[in-house]
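[1] I need the structure of the sequence given here:
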Amino acid sequence: MKIEEGQDKMRSSFTVKSFNFLFFALLSMFIPFLPLYFSDQGLNETQIGVIVGTGGFITLIAQPLWGMISDRTRTIRKVLLILVLCSTVTGYLLYSTSQYALIVLFVMLTYFFLMPVDPLTESLNFRVAEQAGISYGSLRTFGALGYAVMSLLAGYLMTEFGSRSLGYTFAGLGIVSLVVTFFMPDAPVSGKPVTMKSLKNFLSNKETLLFLILVFISSVPARMNDTFLGLYIKDLGGKPDLLGLAWFLAAGSEILVFSLSFWWLRKNKELAIISFSGAFYFLRFFISAWIQDPNWLAYIQLLQLLTFPVFYTAAIQYLYNIVPVEWRATGQTVLALLFFGVSGILSSFAGGALYQAFGGRTMYLTISGMSFIGMLFGIALYRVYGRRKSGETS
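    Numbers count the residues shown, from 1 in each chain. Purely as a prediction, here's the structure:
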């Protein structure tokens, strides 16, 4: 029996790792390259910001909607099947049409179906890791690998064959993702019933609200960089394949961090770790503001090593310590909603206007300042909550 259970756990972790690789490969063709794609269609920075920001509004609706559906139906896998199927269709159509109205329509639909996959996947990772007795990072590592590999490939495809080549690649990966999802285990569900009272208690908790504010402050600069990095590289004379290299280096650097999360991630130290990542976000964006060679702008993305994977892994663990167990998928959705939804709206609209009015350097100086504020806020929260929790544990 123990041998069979071990084999089942191995099969489960293998399919979840495969899904992480494929989903984040799909995501890498959507988030980094979409602004560059619109730029090639003749749109300016403000217009791009408006479209991406509108996509953020769609995400704001879609992520909690599908998170609630997952919690209510007590299944993640079946919801993922629906979302991946629809994303495959809309993503293919997005890169296969040249009519502006249809492009915008398919962008919005892709936001609606693709972006909710992220928090559900992260929730699946965390729950399966708990059940299998392995680290969250050992699963999430494959997502970083998929993002890195496909970023490099997508940049090459867009440079050599144009954006339509991304449509065929997106569809192919989506179909394979569907097959993998059929064989993937569902996340173990909580035995506690889902109640609105427990959600109200979660959202009205002072510690929770302050933590979510910290996530928001820290995520706006990160999302602004994600959205406008391609345009900044283009303005400095770089091509799409250089953007692909930049994201390959960024996502590739995450692999080591996620794979070693069992070693560096400490319980009750999450807020200190988040503050540490905030310091490197500040450094990364401040340096980016003064770079004039697009190649060096790509290389500086290696600082992703000490920013996003450190921040997000610590944030997930901290969230799972304070959220009611029956609302974990929704709690994960709230986290992703702030990092990719609400912050994405503000960063897209404000970032687009700021970039067009004052240029990339001013935008990067602005977000470096915001990252510094996030670091200070994280330190303040750690002094209040982190130390208290450490004292309770000891």
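
[2] pLDDT below threshold where in the chain?
    Counting by pLDDT under 70, the chain has low-confidence residues at 1-11, 187-203, 324-333, 387-394.

[3] which phi and psi does Thr75 have?
    Reported as degrees, to the nearest 10, the phi and psi values for Thr75 are phi -150, psi 140.

[4] what's near enough to touch the closest residue to it other than its chain neighbours?
    Once its chain neighbours are removed from consideration, Thr75 has its nearest residue in Asp186; the separation is 5.5 Å (CB to CB, 6 or more residues apart in numbering). In this view, the C-beta of every residue, glycine as well, is placed from N, C-alpha and C. Taking CB atoms under 8 Å, 6 or more residues apart in numbering as the contact definition, Asp186 lies against Thr75, Ile76, Arg77, Lys78.

[5] just Leu381 next, same as before
    Taking CB under 8 Å, 6+ apart as the contact definition, Leu381 lies against Leu210, Phe211, Leu214, Leu271.

[6] How much space separates the residue nearest to Thr75 from Ser123?
    Using CB to CB, to the nearest Å, Asp186 is found at 11 Å from Ser123.

[7] Show me the common contact partners of these two, please.
    Ile76.

[8] one step back: farthest-apart pair in the contacts of Asp186, please.
    Based on CB to CB, the longest span within those runs between Ile76 and Lys78 and measures 7.6 Å.

[9] Neighbour count: the two, which is higher?
    The neighbour count for Ile76 versus Lys78, taken as other CB atoms under 10 Å, is higher for Ile76 (25 against 14).

[10] Next, give phi and psi for that one.
    In terms of degrees, to the nearest 10, the main-chain angles of Ile76 are phi -110, psi -40.

[11] Pretty sure it sits against Val117.
    No - Ile76 is not in contact with Val117 according to CB atoms under 8 Å; the separation is 10.1 Å.

[12] how close does Ala336 get to Ile300?
    Distance of Ala336 to Ile300, computed by CB to CB: 26 Å.

[13] So those two - more neighbours on which side?
    Set side by side, Ala336 and Ile300 give different neighbour counts by other CB under 10 Å, the larger being at Ala336 (27 against 18).

[14] thought the more buried one was touching Ala62?
    No - in this structure Ala336 lies outside contact range of Ala62 using CB under 8 Å: 10.7 Å.

[15] which SSE is Ser96 in?
    Here Ser96 sits in a region with no helix or strand, counting by DSSP states H and E.

[16] For the closest residue to it other than its chain neighbours, give me its contacts.
    Here the nearest residue to Ser96 in space, its sequence neighbours aside, is Gly167; by CB to CB, 6+ apart that works out to 4.2 Å. Going by CB under 8 Å, 6+ apart, Gly167 touches Gly91, Tyr92, Leu93, Leu94, Tyr95, Ser96.

[17] of the residues you listed, buried ones?
    Applying 16 or more other CB atoms under 10 Å to these, the neighbour count classes Gly91, Tyr92, Leu93, Leu94, Tyr95, Ser96 as buried.

[18] Serialize those residues to a markdown table and add fields for distance to Phe311.
    Supplementary listing: the buried ones among the contacts of Gly167 in a markdown table, determined by distance: CB to CB, whole Å:
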| residue | distance to Phe311 |
| --- | --- |
| Gly91 | 27 |
| Tyr92 | 32 |
| Leu93 | 34 |
| Leu94 | 29 |
| Tyr95 | 30 |
| Ser96 | 35 |
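
[19] so which of the residues you listed comes closest to Asn205?
    Sorting these by how near they are to Asn205, with CB to CB, puts Gly91 at the top with 37.5 Å.

[20] which residues does the closest one contact?
    By CB under 8 Å, 6+ apart, the contact set of Gly91 is Leu26, Met29, Phe30, Phe106, Thr110, Leu114, Gly167, Phe170, Ala171, Gly174.

[21] gap between it and Val84?
    Separation of Gly91 from Val84 (CB to CB) stands at 10 Å.

[22] okay, and the common contacts of those two?
    If you check Gly91 and Val84 against CB under 8 Å, 6+ apart, the residues they both contact are Gly174.

[23] Now rank the contacts of Gly91 by neighbours and give me the top one.
    Within the contacts of Gly91, most neighbours by other CB under 10 Å means Phe170, with 28 neighbours.

[24] Assess the claim that that residue and Leu93 are in contact.
    No - distance between Phe170 and Leu93: 9.6 Å, which falls outside the contact criterion (CB under 8 Å).

[25] shared neighbours, those two?
    The contact lists of Phe170 and Leu93 share no entry, where a contact means CB under 8 Å, 6+ apart.

[26] For Lys267, the count of nearby residues, please.
    By other CB under 10 Å, the burial measure for Lys267, its neighbour count, is 11.

[27] how would you label it: helix, strand or coil?
    coil (DSSP: H, G, I helix; E, B strand; the rest coil).
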